[in-house]
Every structure is written in C-alpha cells, then in structure tokens.
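Chemist: Show me the folded form of this:
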Amino acid sequence: MSFLGKLFGKKEKETLDQGLEKTKQGFIERISKVIIGKTSVDDEVLDQLEEALIGADVGVDTTLAIIDKIQERVKKDKYLSTSELNNILQAEIANILVDAPVDQMGFVPPADKKPYVILVVGVNGVGKTTTIGKLAHHYKAAGNEVVLGAADTFRAAAVDQLTIWSERVGVTIVKQSMGSDPSAVAFDTIQSAIAKKADVVLIDTAGRLHNKAHLMDELNKIKRVIQKQLPDAPHEVMLVLDGSTGQNALEQAKQFMAVTNVNALAITKLDGTAKGGVVLAIAHQCKIPVKYIGVGEQINDLLLFDKNEFVDSLFSLLK
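Modeler: Got it, this is the predicted structure:
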C-alpha cells in the first residue's frame, strides 16, 4: 500500500475511476488495438505502441522514454508476451511519475513550518481559484486554520470568486481593492496568518503570461515580502494546469518554470477530456510532483494524486 493508502479510500478511488473515464476509453482503445490478436512483442508492436501513446497525449519525449525501457526488456528477455507488455507498460508509466516529498503529502502541514505557505500560480481559466477553494476545504476538514490571500488584484472576478469560496468553506480571506499591489496583499495575508496562528496560507496570484519579465518581477516581489516575515516561505509554489488542453498545458508548465521555482503541480479538468495522458508528459518532462488532480466540479473532486492508483485506474478497462 502506498503512503496515501489511508487517505485514498474506496470513495476516492470511485471518484478517480469516474473522473478518468474519457481518458481511459481513449487510452485503452489505442493500447487494445496494438496488442489484440498478438502473442508477442516485436518491432511492429512497439511502433504501434509508440503511435498509440503519442495519440493519447503522452507526448513524444515521454513516449520514447517508455518505449526505450520496453525495448531494453525485450532485448534482455528475448521473448515478451503482450500480457507481459501490459504489466511492464503500467510499471514504466508509474516509474516516470515523480513522488512528492512525504512531508508534503496529505493535508497535514509540516509541524516545523507554521504557517505553511502555498503560492498558487497559473494562467487565467485553468481553475486556479477553484483549486485554491477546494484545497482550503480539504485543509480545514483536516483540522487546520486556513487563511486565503487574494493577490490576483488585476481581475475583480478573481477576488470575488475567492471571496465566495472563503465564505463557502468558512475560512479567512485577506483582500484589497482591485488594482492594488499584489505584494501588499501577500504581506497582509502573512501578517494576518501569523496573528491568527494559522496553519496554512493559500495565496492566489495573477495568471498572465504575455509578459514574462513582468510576471517574474511580480512573483519575485511577492516572495520577497513574504520572506520578510517568514524567511523560508513560500514552502510551495504550486502551478495549476488545465489537463483538457493537452500539450498546451506542458508548454505552460515550461514557461512558468522559466520564471519561478515551481515545486508542485495541480492538474484540473481531467473529467471532461480524453487528454489525461498529458499528466504523464508533464510529470516526466518537468520532474515536478503532481500533488492534486481535479476530476469534477464538486468540492471533494480535487484528489490527492497517488501515481499507483492513477495508473491502476488508467488500465482498469484492460483487466
């Protein structure tokens, strides 16, 4: 059982299976066409598997890494059946998914980091504010005092939406008027969290990529004002990506990684797309752990990411 075993129960597994339905159908349909009627793995099967994985939005680089591993196994064993291929494929997919540090899993923040500060970044429209609201719900349900910071001051809708989430979840929100300095909001948020002896701080940020230099300056300024009060914060810089955009999500990840030190990922909207294979591409190429996946609109549809459960769900139609 994985570390998340106690956090990933039957209900969560059912939610994951349902949320990945579209991805599973597309992914498994492609894989099934490759191995149906075949008894052993040869060059033709590997070529078709390569095409199937790329077609499932796994991405070229990640697909080639998986194929290379399978080719090594074929070379070593001389003979590989298609049933063995299925098991090896699952194992190699799990291997390319990066594990998050143990002390960052679940909704119990490290005891030596209080408040535990999470700076949330991502372009507009990916579900960033909704993800923050759902995270606040999970952290509060686990017994934590949570404070939200509305530092996306360039969109009134972002502040309004985060306010609604704060009221819905029942947590404190720190905000200022539209157009205010985002770093000032971040400073006030940390100050409030320290005064309240809060456990977790979630700070929303503006999602603009059209001017990377400006974005980098803004995020760096936010970090500096946070560190005036908490030198080791932010403890997480979480990038939220829309899984339904496929390879575009990977490109966004690369752009954000170029301007800030992202160390955690949340991938949303996987329930409405057949492009969930992009999770593999992002995790493999960015070398950053996926901590959460969004598989629905309900407040509990943001799940802790367990790579073994994810792969198990992905291949469940082949069992």
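
Chemist: what does the domain assignment say about the protein?
Modeler: 3-96, 102-306 (automatic domain parsing).

Chemist: F315 is nearest to which of the ones you listed?
Modeler: F315 sits nearest to domain 3-96 of all the domains of the chain, at 5.4 Å, using C-beta to C-beta. No exception for glycine: its C-beta is placed from N, CA and C like everyone else's.

Chemist: where exactly do the helices run in the stretch 201-319 of the chain?
Modeler: Under the criterion DSSP state H, counting those that start in this stretch, the stretch 201-319 of the chain contains helices at 212-227, 247-259, 278-286, 307-314.

Chemist: any idea which of these is most buried?
Modeler: helix 278-286 (a mean of 24; mean count of other C-beta atoms under 10 Å).

Chemist: Now it - C-alpha only, PDB.
Modeler: C-alpha atoms of helix 278-286 as PDB (Å, rounded to 0.1, in the frame of the first residue of the first chain):
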ATOM      1  CA  VAL A 278      -0.700  14.700 -20.600                       C
ATOM      2  CA  VAL A 279      -0.300  14.100 -16.800                       C
ATOM      3  CA  LEU A 280       2.500  11.600 -17.700                       C
ATOM      4  CA  ALA A 281       4.200  14.100 -20.100                       C
ATOM      5  CA  ILE A 282       4.100  16.900 -17.600                       C
ATOM      6  CA  ALA A 283       5.400  14.800 -14.700                       C
ATOM      7  CA  HIS A 284       8.200  13.200 -16.700                       C
ATOM      8  CA  GLN A 285       9.500  16.300 -18.500                       C
ATOM      9  CA  CYS A 286       9.100  18.800 -15.700                       C
END
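
Chemist: And the spatially closest residue to I288 that is not a sequence neighbour, how far from H235?
Modeler: Leaving aside its sequence neighbours, I288 sits nearest to L265 (C-beta to C-beta, 6 or more residues apart in numbering; 5.4 Å). To H235, L265 is 15 Å away according to C-beta to C-beta, to the nearest Å.

Chemist: Equivalent analysis for S177, please.
Modeler: 28 Å.

Chemist: for the residue nearest to K69 when sequence neighbours are not counted, what are its contacts?
Modeler: The shortest distance from K69 to any non-neighbouring residue, by C-beta to C-beta, 6+ apart, is to E92 (4.8 Å). The neighbourhood of E92, defined by C-beta atoms under 8 Å, 6 or more residues apart in numbering, consists of I66, K69, I70.
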